[in-house]
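Trainee: Sequence and predicted structure, then a few things I'm wondering about:
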Amino acid sequence: MTMNTVKFEKLPDRLPPVNTVGWVAWIKQNLFGSVSNTIITLLFFYLIFLYIPPFLEWAVFNANISGNDRTICDENRSGACWTFVKVRIEQLLFGLYFAKNPDQMWRPIMAFIIFAGLLTPLAIDRTPYKKWLLLILLVAYPIFFISTVGGGVFGIPKSDASEWGGLLLTFALAFVGIVLALPLGILLALGRRSKMPVVRSFSIIYIEFWRGTPLITILFMASVMLPLFFPSGVEFDKVVRAMIGITLFQSAYTAEAVRGGLQAIDKGQTEASMALGMGYWQQTIFIILPQALRISIPSIVNTFIALFKDTSLVSIIGLLDLLKIAQNSSRSLDWNGYDIEAYMFAGLVFWIFCFGMSIYSQKLERKLDTDRNVE
Amino acid sequence: MSKFPITLHRNPKFRSAIIQAVLVLVVVYSFYSLYQTTIFNLEERGIKTSTSFFDQVAPFKVGFSPFLNFELGETTYIEVFYIGVLNTILVAILGIIAATFLGFFIGILRSSNNWLAQKFALTYVEIFRNMPLLLQIMFWNFAIFLAFLPPPKQSLEFGAFYLNGRGLQTPVPIIENNFLFKVWLSVVILSVVASFIFRSWAKKRRNQTGKSLPVLSISLSFVIIVGISAFYILGQPLTVDMPVLGKFNFKGGGQLPLPLFSLWFALTIYTSAFIAENVRAGIASVSKGQIEAARSIGLTRPQMVKLIIIPQALRVIIPPTISQYLNLTKNSSLAMAVGYEEVVAVWANISLNQTGQALIIIAMTIIFFEICSLFTSFILNIYNRRIQIAER
């Protein structure tokens, strides 16, 4: 019986009670935490059970995809008719011209692939030479796009902008909108913060004018008034008119996004560059804008999402964008009555692009936030 | 004179004066020449720009005009404009009310601690705000409502409301006696004013003595009791015209035609997704310390929600939500796609095609929306000033 035989040894940790860790605790906390919580959970389970299986049955299990005409779909009305989308996919994506000339289809396809090839590295953090890539995308790519998709050079058959349609047109309108609106928007944002009262008030009037008017009214104005603004003999294509309207509209929203970035820049930056003897444009181009634009990218992406959705309005002034082609084909004799499938497909395409962009902008916002917290 | 005189072209004041003068000249000149060319071009097409067409009779039919009487062959163009404006305001008000309720509901679900409810709200928001509104309007109108709603005989029944392929049948209030109705209305307004006075008195008393009263339930029941008793004392100056199913169609009541119903439905769902995000952000903006502090001074949960969370969250929620109201009003112009007769459809489209008066018509349409936009910023400014004072 000696005291010095006492051993100091760490006993193994006891396991925590089952209902405080792991999935059991998670379920208890997040689904059945209280009486009201349990009721809500059961209600939602009931709703899921009520609506999800029939929808999946319609959209997936009973759906038709085989065949090339409506006979198969008409026989089996309990499922969605994806055959319709399959048959019309070329029209929906590239418009009537390329659907009629399958041998020319490589042109829009190549344009899309190269666009994706330029955009993907830009979205990745560690890509080197990002500035140059962006410059290529904003300057060289539009020229490439017009010459391949538009044709008329290097022996490629011509297809005017008025013959573009489907997703291709939606994409072209949105891209033109953002590329031309960006420089305009930056100038307007600078103008709105200018010390010269005339410049400032003109910028404010311009921005608030376009922001207060619905895009559809602007598109009407572009399609009705634009030809009136110029001496007779100057003719614009319908698509070009829409592009002008969209650019003017978008530049006001871009200006507001850029202004947010400009406001976030510390005054000390301007003062320091003034102390170094820089003039206004030197300060702006080398010191202020590089920082301000970086901060305003998320808001610019958000205005771009809004623009991408809004391009669908051109269908009202008679352009054949993705939405209009979807609507027209669901009203054609061949596929009359398959509206839901048409709208769902068009909606899904829009949704994928917009959701992707919004995820990207949220990611960027979080990153900028942490960057600033570190500083 | 300073030792190093600045040459004139480097003098900042002189330079900015020159730049501004040139800018004014350029802008004024280009507007002037645009105006001249437009007038000239219009005249070349045989259209003399003037407002004299306002008093001409409109040769087309406007089907839905609940506020002004439309008479084919009598109603003039300017009245068509008023009808369009009123129809826009109608759908905007309906949409704002419905989207606010739905948006707050979804936003609260999004911030609830039930995982399923959170994910449901997240899915709702992400689905509906990432698809073009025009597509949604067309989807609901053409693919769902027109295709699946039953004929009037088999209308879906929601209390006194009936939904069918032609639209939504609603009860309509009818004023039986104009004078007594006005009396009743003023009694109700007075009781509301009285309850506001009561509220400020109760607030003062709470600040002085710490004793609080159930202000909302007291004033609500006061207004309701006064309203109902005055209504019967005055001999029911207002009756409700109920829709009744006749042999083929509904008799009595009013009808929101299907295009209006679809537009309202789509605008509500689309805007509520944005409002729900505002609500979530507002609730998330109340810092945890506030809640912990409220607990530590012994507030009950309802007290905490009412006195600590809601006032602070609303401050973040309200400004972007007011902007959403403006967006909803502007978006109502998409009604053209389904044929609801609001201002852009009947004025900027049909009337423009009929008369060719592009300049005046487009200008009036834009001015209408600019007024809405200015009104919104006015309200926002007032609100922002008010919460700034509260912040001190």
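Mentor: Structure's in. What do you need?
Trainee: now the strands for chain B?
Mentor: In chain B, the segments counted as strands under DSSP state E are B:156-158, B:161-164, B:167-170, B:172-175, B:238-241, B:244-245, B:250-251, B:254-257.
Trainee: Give the other helices and strands that the second one contacts.
Mentor: Secondary structure elements in contact with strand B:161-164, counted by 3 or more C-beta pairs under 8 Å, 6 or more residues apart in numbering or on different chains; DSSP states H and E, are strand B:156-158, strand B:167-170. Using the backbone N, CA and C atoms, a C-beta is placed for each residue, glycine as well.
Trainee: what's the most buried one of the strands of chain B?
Mentor: strand B:167-170 (a mean of 22; mean count of other C-beta atoms under 10 Å in any protein chain shown).
Trainee: re earlier: using TSV, lay out the helices and strands packed on strand B:161-164 together with distance to A:Arg331.
Mentor: Formatted as TSV, the helices and strands packed on strand B:161-164 follow (distance: least, C-beta to C-beta, whole Å):
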stretch	distance to A:Arg331
strand B:156-158	26
strand B:167-170	22
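Trainee: Serialize these to JSON lines and add fields for mean pLDDT and distance to B:Glu277.
Mentor: Listed next are the helices and strands packed on strand B:161-164 as JSON lines, based on pLDDT from 0 to 100; distance: least, C-beta to C-beta, whole Å:
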{"stretch": "strand B:156-158", "mean pLDDT": "80", "distance to B:Glu277": "28"}
{"stretch": "strand B:167-170", "mean pLDDT": "84", "distance to B:Glu277": "28"}
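Trainee: Which one, of these, ends up nearest to chain A?
Mentor: Ranking these by proximity to chain A (C-beta to the nearest C-beta) places strand B:156-158 first, at 17.4 Å.
Trainee: Relative to the closest one, what are the paired strands and their orientations?
Mentor: In the sheet, strand B:156-158 lines up against strand B:161-164 (antiparallel) (DSSP bridges).
Trainee: count of residues packed around B:Tyr29?
Mentor: 10 (other C-beta atoms under 10 Å in any protein chain shown).
Trainee: I misspoke; the intended subject was B:Ser373.
Mentor: 19.
Trainee: I'd say it and A:Gly212 touch.
Mentor: Yes. B:Ser373 is within contact range of A:Gly212, at 3.3 Å (criterion: C-beta atoms under 8 Å).
Trainee: Name all residues that make contact with the closest residue to chain B within the stretch 151-300 of chain A.
Mentor: Proximity of the stretch 151-300 of chain A to chain B (C-beta to the nearest C-beta) peaks at A:Gly212, 3.3 Å away. Applying C-beta atoms under 8 Å, 6 or more residues apart in numbering or on different chains, we find A:Gly212 in contact with B:Ile366, B:Phe369, B:Glu370, B:Cys372, B:Ser373, B:Leu374.
Trainee: Next one: the last one from B:Ile96, what distance?
Mentor: Here the criterion is C-beta to C-beta, to the nearest Å. By it, B:Leu374 lies 17 Å from B:Ile96.
Trainee: the more surrounded of the two?
Mentor: B:Ile96 (21 against 12).
Trainee: With adjacent residues omitted, what lies nearest to that one?
Mentor: Excluding the flanking residues, the one nearest B:Ile96 by C-beta to C-beta, 6 or more residues apart in numbering or on different chains is B:Tyr325, at 5.1 Å.
Trainee: Determine the number of other residues adjacent to that neighbour.
Mentor: Neighbourhood size, B:Tyr325 [other C-beta under 10 Å]: 20.
Trainee: got JSON lines for the contacts of A:Gly212, with distance to chain A and pLDDT too?
Mentor: As requested, the contacts of A:Gly212 are arranged in JSON lines below (distance: C-beta to the nearest C-beta, whole Å; pLDDT from 0 to 100):
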{"residue": "B:Ile366", "distance to chain A": "5", "pLDDT": "90"}
{"residue": "B:Phe369", "distance to chain A": "5", "pLDDT": "91"}
{"residue": "B:Glu370", "distance to chain A": "5", "pLDDT": "91"}
{"residue": "B:Cys372", "distance to chain A": "7", "pLDDT": "89"}
{"residue": "B:Ser373", "distance to chain A": "3", "pLDDT": "89"}
{"residue": "B:Leu374", "distance to chain A": "7", "pLDDT": "89"}
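Trainee: Among the residues you listed, find me the one that's closest to A:Gly67.
Mentor: B:Phe369 (48.3 Å; C-beta to C-beta).
Trainee: what about that closest one, how many neighbours?
Mentor: If we define neighbours as other C-beta under 10 Å, then B:Phe369 has 20 of them.
Trainee: Distance check, it against B:Phe67.
Mentor: Taking C-beta to C-beta, one finds B:Phe369 at 20 Å from B:Phe67.
Trainee: And A:Leu188, by the same measure?
Mentor: 39 Å.
Trainee: for B:Ala276, same thing?
Mentor: B:Ala276 sits 32 Å away from B:Phe67, taking C-beta to C-beta as the criterion.
Trainee: Which of those two has more residues huddled nearby?
Mentor: B:Ala276 (27 against 11).
Trainee: any idea how far B:Ile308 is from B:Pro257?
Mentor: Following C-beta to C-beta, the distance that separates B:Ile308 from B:Pro257 is 46 Å.
Trainee: Repeat that for A:Ala174.
Mentor: 33 Å.
Trainee: and what of A:Val349?
Mentor: For A:Val349, the distance to B:Pro257 - C-beta to C-beta - is 31 Å.
Trainee: now do B:Leu334
Mentor: For B:Leu334 relative to B:Pro257 (C-beta to C-beta), the value is 16 Å.
Trainee: Skip the chain neighbours and tell me the closest residue to A:Ser66.
Mentor: A:Ile72 is the one closest to A:Ser66 (C-beta to C-beta, 6+ apart), at 6.2 Å.
Trainee: Thought A:Asn64 was touching that neighbour, still the case?
Mentor: Yes. Counting by C-beta under 8 Å, A:Ile72 does reach A:Asn64; the two are 5.1 Å apart.
Trainee: Mutual contacts of those two, please.
Mentor: In contact with both A:Ile72 and A:Asn64: A:Thr83, using C-beta under 8 Å, 6+ apart.
Trainee: Neighbour count for these two, which is higher?
Mentor: A:Asn64 (22 against 14).
Trainee: re earlier: for the residue nearest to A:Ser66, what is the enclosing helix or strand?
Mentor: helix A:71-75 (DSSP states H and E).
Trainee: Going by contacts, tell me the helices and strands next to that helix.
Mentor: Judged by 3+ C-beta pairs under 8 Å, 6+ apart, helix A:71-75 is in contact with helix A:82-100.
Trainee: Residues of the stretch 101-250 of chain A that sit close to chain B?
Mentor: A:195-199, A:202, A:208-209, A:211-214, A:216-217, A:220-221, A:224-225, A:227-232 (C-beta under 8 Å from any C-beta of the partner chain).
Trainee: So B:Ile108 sits against B:Gly282, correct?
Mentor: No. Taking contacts as C-beta under 8 Å, B:Ile108 lies outside contact range of B:Gly282: 10.5 Å.
Trainee: lowest confidence element among the helices and strands of chain B?
Mentor: Ranked by mean pLDDT, DSSP states H and E, the weakest helix or strand in chain B is strand B:250-251, scoring a mean of 72.
Trainee: Pull up the gap between A:Thr247 and A:Val240, please.
Mentor: As judged by C-beta to C-beta, A:Thr247 and A:Val240 stand 10 Å apart.
Trainee: Neighbour count: these two, which is higher?
Mentor: Higher neighbour count among A:Thr247 and A:Val240: A:Thr247, with 22 against 16, using other C-beta under 10 Å.
Trainee: Now for that one: which residues touch it?
Mentor: Residues near A:Thr247 by C-beta under 8 Å, 6+ apart: A:Val176, A:Gly177, A:Leu180, A:Ala181, A:Leu184.
Trainee: And for B:Val244?
Mentor: Counting by C-beta under 8 Å, 6+ apart, B:Val244 touches B:Phe250, B:Lys251, B:Gly252, B:Gly253.
Trainee: Looking at those residues, spot the one nearest chain A.
Mentor: For the contacts of B:Val244, the nearest to chain A is B:Phe250 (26.7 Å; C-beta to the nearest C-beta).
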